[in-house]
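Student: sequence and predicted model, in that order:
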Amino acid sequence: MKEGRKRIIRTVVAALGLTALLALQPESARLVESAWARGEASHGPAVRKLILSDQARRYLQLQYRSYPTEFMGCMIGETRGSAVVVRRIAPADVEPNHSTATRVVPHQTCEDAGWSGTVGMIHSHPGGERCWYFFPGTQVASSDGQSFAGQPYPVDAIMCGDHVVWINRDMAEMQLKLPADTARRAFAAWER
């Protein structure tokens, strides 16, 4: 019973935090968000598939295991029809004190940090918790959903351990399973 109350309290606190965050959101981001909502922004064909290269997958798995705080990366690649192909993930410019277990804030954009060809942002949720863009059972965007609405990229993603949750400009949320880390399991068995 206590766990249920804690979960409800966390959800309410998150919603209140989101409301405060939206009040502080720059006007330009609000204009971009409302343009997307009205269908006025040109965003090409809807992305239906996210493809991560082997290098991008390895980078994500290494970063996820290495840090107890959220990490953020710039997905570098290209859009091919209705697919986004991510060739590599470059580290976002994040100050160490701007990354905690529940949030990460970049110092500058991927382009300002020198990364060209950015097709989206990706960040992690340590422990694989709260990996969604809408609060479960609602159409209420989480802070991740609100953040994506203010970005110019075709996709956004959250690393959640063995899978990636991602969203497109139609605000359709999807999942991409990552293959099991067989090398890590083999090494762990060898250590015993």
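Tutor: Everything's here; your move. Quick caveat, the model's predicted, so the values are computed rather than measured.

Student: only C-alpha atoms from now on, for both contacts and neighbour counts.
Tutor: Will do.

Student: can you give me the strands in the chain?
Tutor: Counting by DSSP state E, residue ranges of the strands within the chain are 49-52, 72-80, 83-91, 94-99, 104-106, 118-124, 155-159, 163-168, 173-177.

Student: any idea which of these is most buried?
Tutor: strand 155-159 (a mean of 26; mean count of other CA atoms under 10 Å).

Student: got the angle for that one vs strand 173-177?
Tutor: Using axes from the mean of the first three to the mean of the last three CA atoms, to 10 degrees, the interaxial angle of strand 155-159 with respect to strand 173-177 works out to 50 degrees.

Student: what's the angle between strand 155-159 and strand 118-124?
Tutor: 20 degrees.

Student: now the strands of the chain in CSV, with distance to residue 136 and mean pLDDT?
Tutor: Formatted as CSV, the strands of the chain follow (distance: least, CA to CA, whole Å; pLDDT from 0 to 100):
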stretch, distance to residue 136, mean pLDDT
strand 49-52, 22, 96
strand 72-80, 23, 95
strand 83-91, 26, 95
strand 94-99, 25, 80
strand 104-106, 22, 83
strand 118-124, 19, 95
strand 155-159, 16, 96
strand 163-168, 14, 96
strand 173-177, 12, 95
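
Student: now render those as CSV, adding distance to residue 133.
Tutor: Formatted as CSV, the entries for those read as follows, by distance: least, CA to CA, whole Å:
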stretch, distance to residue 133
strand 49-52, 16
strand 72-80, 16
strand 83-91, 19
strand 94-99, 19
strand 104-106, 16
strand 118-124, 12
strand 155-159, 9
strand 163-168, 8
strand 173-177, 7
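
Student: of all those strands, which one is nearest residue 135?
Tutor: Residue 135 sits nearest to strand 173-177 of all those, at 11.7 Å, using CA to CA.

Student: mind giving me the packing neighbours of the closest one?
Tutor: The contact analysis (3 or more CA pairs under 8 Å, 6 or more residues apart in numbering; DSSP states H and E) places strand 173-177 against strand 163-168.

Student: what does the strand it packs on rub up against?
Tutor: 46-48, 131-133, 154-159, 173-178 (CA atoms under 8 Å, 6 or more residues apart in numbering).

Student: can you list the strands that that strand pairs with?
Tutor: Sheet neighbours of strand 163-168, with direction, are listed as strand 155-159 (antiparallel), strand 173-177 (antiparallel) (DSSP bridges).

Student: all helices of the protein, in order?
Tutor: 2-24, 27-38, 54-66, 143-149, 182-191 (DSSP state H).

Student: how about the shortest one as CSV, C-alpha atoms only?
Tutor: Meaning helix 143-149. Output of helix 143-149 as CSV, limited to C-alpha atoms (Å, rounded to 0.1, in the frame of the first residue of the first chain):
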residue,chain,number,x,y,z
SER,A,143,9.3,16.3,-19.5
ASP,A,144,11.0,14.1,-22.1
GLY,A,145,8.0,14.6,-24.5
GLN,A,146,8.0,18.3,-23.8
SER,A,147,11.7,18.5,-24.5
PHE,A,148,11.4,16.7,-27.8
ALA,A,149,8.6,19.0,-28.9
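
Student: fine, thanks again, bye for now.
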